[in-house]
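> quick one: sequence and predicted model below, then my questions.
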Amino acid sequence: MEAQARATSNEGMSAVPWLRPTSYWMPAHFVDSAWVTHGAFAAWLIDVLRPRDVVELGTHNGFSCFAFAEAAKRLGHPLTINALDSWEGDDHAGFYDDSIYQSVRSIASRDYPSSVELHRGYFSDTRPRFAAASVDLLHIDGRHGYEDAREDYEQWRDTVRDGGVILFHDIAERRDDFGVWRLWEEISEPGRVFAFEHGHGLGVLAVGDIRHEPLRALFEAETSVADRIRVDFERLGEMIAQVARIPHLEAEVASLHDVVDMLQTERARLSDVIVARDDAITAVHRSASWKVTKPLRAAGRMVRRGR
């Protein structure tokens, strides 16, 4: 099944590198989140980057964390997602009780026990646990004031190894005291960044060498191509948002994923059966007995036509 997922992902690429099969995957878990319309890009990024280690600064309800984890699970790609949060809330996300953390922990332990690790506390307290150049994907989505975002970036950017990626959520929000947009403008460098404007904005920053061709195509896209990428992912994100508005959908989505996996397995089995049958027929046709009995088969056909 894992091999099939990889083959599907690689062989099913279209002419445009941002529209891979994974671009159309639906998340398995729908929770209230400002990140929901970036679910399609999350799956695409895991497919392209194939990160071993992910750090997320700010998990809240867990949508982005579970979108990353689900994509890796369906791809058969092993990774570790370190999800960091105080699970207390703040003046941007709002304050909440312990039920949010308990819900995230329940989903993580049930569906992603080998890939998601929760770290409850403040980012600065957890920082010493991570060595320099030990992370492939860093997602910064904590408190969104300028000073907060800059502190998170400066404290954690050296954890990302060469060839990795940093994501910044809320780069399009300029209301109140949101200031991620200021940090994004300061660190943006042509050919090394890509910005989505929908879903409150999502910034994508390359660290070191860009080693994956689809990522290079993303970062180096000309204006017209970049606009197409934004439109496509905004539409895909809106599809996810519409599905997320349907209540009690997680079980149905999980069931559909199971059906798809089952059909892919059955298709592979039938392909093997057809190959084996064709090989057997070819072997019979090449056998000495088949050649010796050729006149008898011809005579039989003549008798049947005479009747």
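Received the coordinates, thanks. Numbers count the residues shown, from 1 in each chain.
> what helix or strand does the most centrally placed residue in the chain sit in?
Taking C-alpha atoms, centre = their mean, the centroid of the chain lies closest to residue 43, which sits 1.6 Å from it. Assessed by DSSP states H and E, residue 43 sits inside helix 39-49.
> neighbours of residue 239, how many?
Residue 239: 15 surrounding residues under other C-beta atoms under 10 Å. Every C-beta, even on glycine, is put in place using the N, C-alpha and C of the backbone.
> please tell me how far it sits from residue 32.
As judged by C-beta to C-beta, to the nearest Å, residue 239 and residue 32 stand 18 Å apart.
> helix, strand or coil for the nearest residue to residue 210 once chain neighbours are set aside?
Spatially, and ignoring its direct neighbours in sequence, residue 210 is nearest to residue 216 (4.7 Å; C-beta to C-beta, 6 or more residues apart in numbering). Secondary structure assignment for residue 216 (DSSP: H, G, I helix; E, B strand; the rest coil): helix.
> next one, pLDDT for residue 216 please.
Listed pLDDT for residue 216 reads 95.
> same question for residue 256.
So, for residue 256, pLDDT stands at 62.
> cool, and the one 5 residues further on?
Confidence at residue 261, expressed as pLDDT, is 69.
> residue 270 is in what secondary structure piece?
Short version, using DSSP H and E: residue 270 is in helix 250-286.
> now do residue 235
Going by DSSP H and E, residue 235 is part of helix 223-244.
> what angle separates that helix from helix 39-49?
Angle, helix 223-244 to helix 39-49, by axes from the mean of the first three to the mean of the last three C-alpha atoms, to 10 degrees: 120 degrees.
> before we move on, the earlier item: tell me the helix or strand right after the helix holding residue 43.
Following helix 39-49 toward the C-terminus (DSSP H and E): strand 53-57.
> who does that following strand pair up with?
strand 80-85 (parallel), strand 135-140 (parallel) (DSSP bridges).
> that one: which residues count as buried?
53, 54, 55, 56, 57 (16 or more other C-beta atoms under 10 Å).
> who touches that strand?
Identification of contacts with strand 53-57 by C-beta atoms under 8 Å, 6 or more residues apart in numbering yields 64-65, 68, 79-84, 123, 130, 134-142, 152, 156, 159.
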